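Trainee: below: sequence and its predicted model.
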Amino acid sequence: MLRIDINLLFTIINLVILVVVLRFVLFKRVHKILEERQKLVDQSLNDAAEAKANAEAMEAAHKEQLEALEREKKEILLETRQKATGEYERLVNEAERKAEGIVRTAKEEGERSKEEIIDQAQTEIAQMVVNAAAKLVLSPDGDENELYDEFLARTEERHE
């Protein structure tokens with residue numbers, strides 16, 4: 001059976017004292033160390049969450065900058081295409097004006113050449129008629145067929 005004697009009472013008192021001492025000496029220190037470690041872990045988690053938020057904000061800012069650059073690139077390309085189209089149209093119009101001028105000048109030159117050739121031909125024909133008339137008048141025998149043949153031969157020679 002269980003005997004209750006003074007030793008048991010001292011043992012219980014010793015246990016209570018030991019628990020109280022351990023509680024004040026060891027458990028408070030261990031508890032304090034655990035709390036500090038918990039604070040460090042919480043601080044690390046907070047820092048990680050803050051770093052993640054900063055990274056996400058930076059990613060969003062970079063994404064926005066990339067979109068802005070893409071829009072700017074498209075605007076520049078559109079503006080460049082419009083300028084190139086305008087320059088192309090200007091060059092084509094200028095080339096057409098020059099071509100029209102060249103064609104007009106060529107036609108005018110052709111008309112002048114044609115008129116000069118006609119004037120020259122008329123002058124030569126008139127000269128030949130005068131020569132033929134002079135020979136006819138001066139010719140004592142009046143051989144008109146011979147003069148006519150000579151006129152035709154000279155005309156053919158000059159046009160060849």
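Mentor: In hand now; what should we look at?

Trainee: please, which helix or strand holds residue 48?
Mentor: helix 28-138 (DSSP states H and E).

Trainee: which secondary structure state does residue 4 sit in?
Mentor: Reduced to three states with DSSP: H, G, I helix; E, B strand; the rest coil, the structure at residue 4 is coil.

Trainee: check contacts around it.
Mentor: Not one residue lies near residue 4 by CB atoms under 8 Å, 6 or more residues apart in numbering. Using the backbone N, CA and C atoms, a C-beta is placed for each residue, glycine as well.

Trainee: per-residue pLDDT, residue 7?
Mentor: As summarised for this prediction, residue 7 has a pLDDT of 82.

Trainee: distance-wise, check it relative to residue 19.
Mentor: 18 Å (CB to CB, to the nearest Å).

Trainee: now swap in residue 156 and tell me
Mentor: For residue 156, the distance to residue 19 under the criterion CB to CB works out to 151 Å.

Trainee: now stretch 93-105: mean pLDDT?
Mentor: Confidence for stretch 93-105, expressed as mean pLDDT, is 93.

Trainee: flag the shaky bits of this structure, pLDDT-wise.
Mentor: Residue ranges of the chain with pLDDT under 70: 1-3, 136-145, 147, 158-160.

Trainee: in it, which residue is most central in space?
Mentor: Residue closest to the average C-alpha location in the chain (CA atoms, centre = their mean): residue 77, at 3.9 Å.
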